[in-house]
Every structure is written in structure tokens, then in C-alpha cells.
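Asker: Need a 3D model of the following:
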Amino acid sequence: MKIVRASIFPVAALLAVAALPTRALQPDAPRFMGEEALPAAGFVVPVMQGSAQTPAKPVEVVRYRCRLGDREWEEERSNADELWVSAQRLAAWTDRKGNRIAFARVLAELPLAYSGMDVTRETFERALQDPDNALDQTAEPERLALWARHFAATLRALEGGGTAGALQADGMAAEAATTADMQPETILVNLSRFAKILSVPLPDAAERAFLLRLNPHHPGHGRAPRDWFAFFVRFASAPRPGDRDADRSLRSDFLGNLRTTGWRDTEKAVREASARRLATGVREEDIPDDPLRRQARDSVALLDDWWYMESPGYILLSDDPAAERSADALLGALESLRPRFEALVPPFRGRHPETGVVRLFRKSEEFDRYFAAEGTPLGLSSTAGLFSGSRRELVIRPVRRNSALDTGSIIRHEAFHQYLFSAWGGVEAPIWFNEGTAELFAGYVPRANGTFEFRELERRAHVLESLARDRDADWTRILAVVLLWDQETFYNPPVAGADANWSYSIGYGVCQFLHRGAPLMRGRPWKHVLPTLLETLERTGNPRLATAEAFQMGRDGRDLSTLSRFADDLRDYWKSESARRGSRSGKVP
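Answerer: Numbers count the residues shown, from 1 in each chain. Presented below is the predicted three-dimensional model:
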């Protein structure tokens, strides 16, 4: 193992090295201009100018349908590498230039046989707790270096929108074979606080990894953990060949200024962070204990700017101080909406809605950064909110001033998607029904007494009214096409002059008519549509077939006789203000 001195100054002067002038850095290099306290972790971390805390995303979950002989069951599995990073990641920051820092606690290696595999959380927990995989203060530098390279590669894959388990794809064997050229270096800086700091060379020239262990003899460290901690730095662009200024800055401005808190303060902070903030009228015993809640709390446990509030069915997380004033009312509205979701769209047999995780960002750029790697179906700039089924999380962008949208309507829309995913066990709903019903609930405006008032969405009604007045519009042909579209086509309609707003309006128009207009018609001619849709979907899991059965279009979707009569009634409904007035004033279930 090589030992590299960070400076020629005597040890007593090492702590002051950050005050010395550094050479000119690349324009997009990180500049450490402040610090952020993480009392629950025991660290005060130098942070980059213009940086923001980056909360951890929930681990993606995939539902597997398994069969062994005559026995069938379902399992929820996640990528083992992503679970492994999630279990050890503590905090992260990203600046406006794209530089990133991640902070982790070194707990255990992931067995190579698991890398790249989807496993159940129980299987992963057993591997994490296996003593053979543990990395404590006695771990050899070479094992620590392999841990750091694996962690950095998995972070790179996750942040870049790739597949976790990147070491399998990149070649774990190839990386291991180069360990002789990639020995960790001991960095002699900040020696009073840290017993050892190791710099681990990484294959990517834009990345740096530092492992460190606390000095137990430093004042306040007597009760501190003896574990290794790690910091990973990813530059927005790799330093120029031969340019050591960025590394000098990291060693002086970052490592040289890294501080710790007293561990009595840390223990107090941990207790305070674990104290739940409950919505009005909610008792501690009303809150169920489940993996989704624990993961949500853990994602912000060390982030000073973030807070959370819980109710029996939901947990709301945000870094927006202003949102704290409305969080209680928002959770109350969501709790009141859930039985209305169930009444209008019942769960499939044996299904029960999961805890709803809601994350509300203070700044739009933070929302964009959160989804930068994965993107969104409508594109980031057009997305006000998103429910991710694989991550079981509803994420909301702050509403711009003078916007036609409001945070409440966006959350009600996305909360329906969230409910439907868990209530139907992840079975894909027809996109017209999913988005149309979500828009319907966006118009359920809560009253102070806990009930709801239904309000028609003007931006959707305007499109439908214009279409109803258009004598050339063939409503039968429009429905025959739109109702059978998949998600990709619905969001990007191949129709001249149409966009996603047009598709959403058609879906909304059909769903408002089915739920609030058709039940008021004499003889209720369309009462079979929704029950048939739900029964066929639960039986087959096929959204296209369920739609065709509901509107009696035949398996090939070509029999349009029933759909033609439905289209006439739908057009008349959106043409008639009096018909819609009755459905608007009707009772909200």
C-alpha cells in the first residue's frame, strides 16, 4: 500500500492547509464554499457552491409471478446491487454544474454471485448480515478498495439511468485484475480527527473515492462508531490529463475541512430524527410499520432540509418549509380520498392499497435532477408530477406562479395512479382509463368539513366542447383509436394537430361520462362498461382486450356498432351544458 503525503507541512499545520491558496480550477470544477451539518451521522461536511441535497430514490421493485409444480405465488424482488447501495448510502449533494458527492457507511461486501441479480429483500438482508461479508475496522485495504470500486460503479449506473450491477457488465474480473495498479493511498490530512484516510483509484477519470475511519482518541469520539465511512466525488467533467489542481482542492478544501460532531449530540439527533411527525388526530399506534415507510424515512433521515409527516395511509416528505403549513390538510384530503378511490374503482380480490409515499420538492431544478437519469413519459419540462410504480413513489414538482394547475389537483391525480397500482397488483390498466379517472379525481376539491366538491376541469372541457361542436369530427373513429392506444402512443399521439393534452382530454371525457353522466341517463344503457372492463382486466391482465370487451368491439376491436352508439351519447353529453350541469351537481361518492 502506497503512502502519499498531502503536504510538506508539519503535522501541526495540516488542519490549516485549507486556508492556503489553490491554483486555478477548471470552470466546472467543484468549489467548496460552505458546510452542512449531518448531526444524526456525526459529520459536518464541506459542500459545493450552489449544491443541493439529493434524497435517495426508493429502490426499484419488480413483481415476479412464480410457479413450482402446481404451486403459484408472487414475489417482489429488487436488484441486489441497488439494495446494497441503498443500505449504505447516507447522503448526497449535486451542484448546478453537475458535480456530485455521495456519503456512505461501509457495512459489507455484496457477494459477487448476487451482483446484477433480482432478489427478495429477505434474501438480501441475510447476505448483508452474513459475517463473511462484513467489513469492519480490521478489513484489509484491498477489500475496502474493491468495495469502493463496486459502490462507485453501481452509483454511476444508477445515476446514469443504467442497470445496477454494472460491475457484471463492465467486468468485475477485469477490475480485480488491475488491483496491483490501483492500490489505495494513505492521505495524511486532518490527522487529529481521522485515524486513517484512504484514496481509492477508480477506473473512471471523473471519479474519486475516499475511505476514512474516525480517530477514537479525538475529543468527543469516545462513543463514535469504529466503522469505515466513504465519500465519492464525481466531477461534471474529468480533470485534464496531468492537472492535479482538482485533487489538491479535494484534499485541502474538502478532506482538510471535514469535521465531526460530538457523539452525544449525534445520539440526541438520532433520537430527534426518529420522532415521528403525525398528522392531526393520528396516534402512534395508527401508523403501520412497513418497508415503504422505513425506506422513505431513511431517504431523508440525514438531510437537514427535509422533513416528513405521516398518516395511516400516507407519508409525505418535502424540503419546502412552506409546505409544512398545508401538509396536515393535504394528508387529511388523501386519507378521505382513498375510500372514494375504492368505491369508484374497487381493488382486485386479495389486494390492499399500500402506504402512499409522496415527495414534494421545493425547487423545479431539484425535481429535474431527481429524474434526470430516467426521464419521464412526457419529458421533464412537461411533467408536473409522476407516480413511479417500480419505485412506489409519487413525486411532485413545485407549481409555477400563474399556472393553471395547483399542487392539490396534481397530487390527487397522481394519488389515483398510486392507489390503482397497488390495488390492482401492478396490472396495467388501459391508459385512457388510468389517466382519465386520475383527471376526474383531480377535480375532487376538498371542503373544510372533510367532504368533496366535484369541479369539471376547464382545460379538458374546453377541448371536448370544441370537438363536440365540430361537425366533421368522427367521434366513433376517434374512440376506436384512442381507447386501444398503449401508453407511448397516448402520450405522443400520431394525429395531426393533436398532443398529449388532446389524449388526456378524450380519456377524461369518457371517464367523466361513465362515472357521472351515464348513470343519470334513463335506463342506464352503459352500466355494463366499467364492470366488464374491470372483470376482464382482472381475469386476463390484458388492457386492450378489457377495453374491447367493455365496448363490445370484438377481440380484434373492429366491431364498432356498440361503440358508435356510445360515441353519440358521449358527444351529446359534452355538447349539452344542461346534461353536464346535472352530473357536476350530483353527489360525490
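Asker: Quick check: longest helix in this structure by residues?
Answerer: Looking across the chain with DSSP state H, the single longest helix is helix 324-344.
Asker: So which elements touch it?
Answerer: strand 307-310, strand 314-318, helix 407-423, helix 431-442, strand 444-446, strand 452-454 (3 or more C-beta pairs under 8 Å, 6 or more residues apart in numbering; DSSP states H and E). Bear in mind the C-beta positions are built from the backbone N, C-alpha and C, glycine included.
Asker: Can you check which of those gets nearest to Ser237?
Answerer: strand 314-318 (31.9 Å; C-beta to C-beta).
Asker: related to what we said a few turns ago, out of the helices and strands packed on helix 324-344, which is closest to Glu285?
Answerer: Comparing those by C-beta to C-beta, strand 307-310 comes nearest, at 12.3 Å.
Asker: Sketch out the low-pLDDT regions of the stretch 301-450 of the chain for me.
Answerer: For the stretch 301-450 of the chain, the stretches with pLDDT under 70 are 373, 375, 377-378, 380-382, 400-405.
Asker: and Phe151, how far is that from Arg226?
Answerer: 20 Å (C-beta to C-beta, to the nearest Å).
Asker: Between those two, point out the one with more neighbours.
Answerer: For Phe151 versus Arg226, the count of surrounding residues by other C-beta atoms under 10 Å is larger for Phe151: 26 against 12.
Asker: residues contacting that one?
Answerer: By C-beta atoms under 8 Å, 6 or more residues apart in numbering, the contact list for Phe151 reads 85, 88, 104, 209, 230, 232.
Asker: swap the cut-off to 7 Å and go again
Answerer: Applying C-beta atoms under 7 Å, 6 or more residues apart in numbering, we find Phe151 in contact with 85, 104, 230, 232.
Asker: What count of nearby residues applies to Arg412?
Answerer: Neighbours of Arg412 (other C-beta under 10 Å): 26.
Asker: Surely it and Arg340 touch.
Answerer: No - Arg412 is beyond contact range of Arg340, at 10.1 Å (criterion: C-beta atoms under 7 Å).
Asker: how near is the closest residue to Met553 other than its chain neighbours to Pro525?
Answerer: Excluding the flanking residues, the one nearest Met553 by C-beta to C-beta, 6 or more residues apart in numbering is Asp559, at 5.2 Å. According to C-beta to C-beta, Asp559 stands 17 Å off from Pro525.
Asker: same thing with Arg516?
Answerer: 15 Å.
Asker: Please apply the same query to Glu538.
Answerer: 24 Å.
Asker: neighbour-wise, which of these two wins?
Answerer: Applying other C-beta under 10 Å to Glu538 and Pro525 shows that Glu538 carries more neighbours, namely 17 against 13.
Asker: Just the C-alpha atoms of the strand or helix carrying that one, please, in PDB.
Answerer: Under the criterion of DSSP states H and E, Glu538 resides in helix 529-540. Coordinates of each C-alpha in helix 529-540 appear next as PDB, following Å, rounded to 0.1, in the frame of the first residue of the first chain:
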ATOM      1  CA  VAL A 529     -69.000  -0.900 -19.400                       C
ATOM      2  CA  LEU A 530     -67.000  -0.400 -16.200                       C
ATOM      3  CA  PRO A 531     -67.800  -3.700 -14.500                       C
ATOM      4  CA  THR A 532     -66.900  -5.600 -17.700                       C
ATOM      5  CA  LEU A 533     -63.700  -3.600 -18.100                       C
ATOM      6  CA  LEU A 534     -62.600  -4.400 -14.500                       C
ATOM      7  CA  GLU A 535     -63.700  -8.100 -14.600                       C
ATOM      8  CA  THR A 536     -61.900  -8.800 -17.900                       C
ATOM      9  CA  LEU A 537     -58.800  -7.000 -16.800                       C
ATOM     10  CA  GLU A 538     -58.600  -8.900 -13.500                       C
ATOM     11  CA  ARG A 539     -59.100 -12.200 -15.300                       C
ATOM     12  CA  THR A 540     -56.800 -11.600 -18.300                       C
END
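Asker: Pull out the buried residues from it.
Answerer: Buried residues in helix 529-540, defined by neighbour count with 16 or more other C-beta atoms under 10 Å: 529-530, 532-534, 536-538.
Asker: Run through the neighbouring helices and strands of it.
Answerer: Under the contact definition 3 or more C-beta pairs under 7 Å, 6 or more residues apart in numbering; DSSP states H and E, helix 529-540 sits against helix 543-550.
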